[in-house]
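In: Quick check, what structure comes out for this input:
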Amino acid sequence: MNETALVVTSEEQRRVDRRAEAAGTPSIQLMESAGNAAAAILEARFHPQRTVIIAGRGGNGGDAFVVARAFRRRGLAVVVHHFAPPGNLTGATRQAADALLGEAPDAVVAPSSVARLDNALRDAELIIDGLYGSGLARPLSAADASIVRRINAAAAPTASLDVPSGLSADTGRLIGPAVAATATVAMQFLKPVHLERPGRALCGEVLVAPVAYGSDILAEVRALGRVLLPAGARSWLPHRAANGHKGTFGRVLVVAGSAGLSGAAILCCRGALRAGAGLVFLAAPRSLSPVLEISLPEAINIPLTDRGGRITPRATRHLRTAMRQADVLAIGPGLSRGEGVFRVVRSVVRAASVPVVIDADALLAFRAQRDLLRGGSFPRVLTPHPGELSRLLDRSVEEIAIQRAELARQIAKDLGVTLLLKGHPTAVAWESGEVYLNPTGNTALGTGGSGDLLTGIIAGLIAGGAVPSRAAVLAAYVHGLAADRLAAGQAERSILPTDLDRELPATFRQVESPAAGPRQEEAPT
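Out: A predicted model of the protein is given here:
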């Protein structure tokens with residue numbers, strides 16, 4: 001099982017199809033491979049005995065006919081509803097329909113009607129939406145919208161092929177009525193709609209079916225980025241030896257907190273501890289020590305010289321000493337702003353001989369000296385939200401929003417760092433130019449303190465042995481998954497960072513255990 005999947009536009013998917021056909025793979029072969037893989041995934045996911053499939057005229061309808069034929073061969077009851085005579089079909093879709101009709105003429109109702117569909121939906125255990133796929137770029141017609149409303153009103157779960165009918169594959173925007181799927185089986189590649197809200201919410205659980213593209217074809221795909229799959233998240237977790245202990249599970253030094261912002265330091269430390277760090281040292285203003293020691297008994301407190309609740313340049317010497325016993329440094333959450341604080345940050349980051357995670361206020365210390373952020377001998381992970389990146393680069397938030405992934409890629413390559421740009425979706429760019437788009441998370445993460453927890457998770461994973469660039473991708477995945485788990489039973493608006501903290505043990509359990517994770521087939525990449 002592969003660890004990642006590519007994200008492409010609908011036009012790129014069509015280009016890949018054309019390229020594969022030109023290289024000698026007939027379109028019907030691609031369709032058969034996609035449909036058969038989707039059928040295996042859906043049977044394993046839903047175990048249906050009675051399935052109703054709605055097939056459209058295009059390639060998505062062809063995939064649907066292949067799924068139906070595969071179901072019939074497995075002994076499952078399935079009926080395909082097509083709202084035009086079969087003779088109107090062409091190309092590979094016609095071939096797929098003819099193959100099904102040749103084996104099981106009774107498996108196709110064509111031309112169907114909404115009345116016949118209504119009757120079929122009442123007894124269905126699974127509905128498969130094959131009406132439209134990734135090629136749709138306009139609102140559905142009134143007739144198709146009526147079909148979609150019936151699908152959404154049915155009691156049975158719905159699985160959409162590639163993209164829920166009615167959604168545009170290339171954005172998360174809603175363009176009209178659309179199927180609200182329980183699950184969506186993407187064909188080889190994910191599309192932006194699988195990641196971007198609000199369309200993403202209508203995709204349900206997103207699964208990936210492999211398509212029989214040659215390795216040479218896949219090697220030349222022009223992708224928007226990659227997505228970490230459950231198997232990848234599982235394999236990227238640092239190994240914990242059965243005979244390990246606090247001295248072998250890694251040591252994190254957190255430099256964080258100021259008067260009024262002690263919570264940021266606490267959440268960052270908790271994130272590192274939840275991620276498995278053996279020891280967490282919290283270097284914070286001395287005046288905060290009483291509250292920090294009571295609120296965070298698991299961390300080792302290192303009081304720093306402060307004035308008015310902020311660390312002063314005199315703290316630099318103590319921090320350099322503290323770094324000698326750390327495997328990773330996390331700096332910035334709740335640290336506050338001011339030239340005195342910024343001098344400490346710049347000095348400590350430059351002197352660091354371990355990987356560094358730079359967040360929040362610490363990033364602003366480099367606003368006028370961005371070159372000091374350039375990666376040296378030890379990896380650096382930057383974790384801005386759009387506002388922080390706007391201030392760091394002197395660019396508008398709107399400009400950043402328009403070119404999130406590409407801008408993250410450019411900055412990561414230019415500075416030689418890993419850049420985690422928070423947002424929808426979070427983009428993690430590596431120094432190599434690789435970009436990962438995070439598939440997890442929801443609006444529950446839009447609360448102060450959430451990012452501090454994420455910084456700690458990244459640092460904790462690095463301390464445990466994860467490659468820093470991978471740790472950033474994995475931490476975003478786990479952080480978002482915790483929010484998704486909570487949102488399954490609670491209002492997103494009411495979920496707090498402390499709730500996410502408490503959900504992390506069960507979330508990591510899901511990630512590390514195949515039996516506990518969601519079923520997902522993964523496409524070769």
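In: Going along the chain, name the strands of the stretch 201-350 of the chain.
Out: With strands called from DSSP state E, counting those that start in this stretch, the stretch 201-350 of the chain shows them at 205-209, 225-228, 251-255, 279-285, 300-304, 306-307, 310-311, 328-331.
In: Counting by contacts, list what the third one packs against.
Out: Applying 3 or more Cβ pairs under 8 Å, 6 or more residues apart in numbering; DSSP states H and E, one finds that strand 251-255 makes contact with helix 262-274, strand 279-285, helix 315-323, strand 328-331, helix 450-463. Any C-beta I mention is one placed from the backbone N, CA and C, and that applies to glycine too.
In: partners of it in the sheet?
Out: Sheet pairing here is set by DSSP bridges, and for strand 251-255 it gives strand 279-285 (parallel), strand 328-331 (parallel).
In: ok, residues contacting the shortest one?
Out: Around strand 328-331, the neighbours that count as contacts under Cβ atoms under 8 Å, 6 or more residues apart in numbering are 250-256, 268, 272, 323, 345, 348-349, 352, 354-359, 362, 455-456, 458-459, 462-463, 468.
In: tell me the domain boundaries of this protein?
Out: 4-227, 245-511 (automatic domain parsing).
In: In a markdown table, list these along with mean neighbour count and mean pLDDT.
Out: As requested, the domains of the chain are exported to a markdown table (neighbours: other Cβ atoms under 10 Å; pLDDT from 0 to 100):
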| stretch | mean neighbour count | mean pLDDT |
| --- | --- | --- |
| domain 4-227 | 20 | 96 |
| domain 245-511 | 21 | 96 |
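In: which residue ranges form the helices in the stretch 1-150 of the chain?
Out: Along the stretch 1-150 of the chain, counting by DSSP state H, counting those that start in this stretch, helices occupy 10-22, 27-46, 59-73, 91-103, 114-122, 142-153.
In: Restricting to C-alpha, output the first one in CSV.
Out: Pointing back at helix 10-22 there. These are the backbone C-alpha positions of helix 10-22, laid out as CSV (Å, rounded to 0.1, in the frame of the first residue of the first chain):
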residue,chain,number,x,y,z
SER,A,10,-9.4,17.8,-13.9
GLU,A,11,-7.6,19.0,-17.1
GLU,A,12,-4.4,17.3,-15.9
GLN,A,13,-6.4,14.0,-15.4
ARG,A,14,-7.7,14.3,-18.9
ARG,A,15,-4.2,15.0,-20.2
VAL,A,16,-2.9,11.9,-18.5
ASP,A,17,-5.7,9.8,-20.0
ARG,A,18,-4.9,11.1,-23.4
ARG,A,19,-1.2,10.5,-22.9
ALA,A,20,-1.8,6.9,-21.7
GLU,A,21,-4.0,6.2,-24.7
ALA,A,22,-1.4,7.7,-27.1
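In: Redo the helices of the stretch 1-150 of the chain as TSV? Include distance to residue 130.
Out: Formatted as TSV, these follow (distance: least, Cβ to Cβ, whole Å):
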stretch	distance to residue 130
helix 10-22	16
helix 27-46	9
helix 59-73	3
helix 91-103	10
helix 114-122	13
helix 142-153	11
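In: And these: which comes nearest residue 310?
Out: Residue 310 lies closest, by Cβ to Cβ, to one member of the helices of the stretch 1-150 of the chain: helix 10-22, at 49.6 Å.
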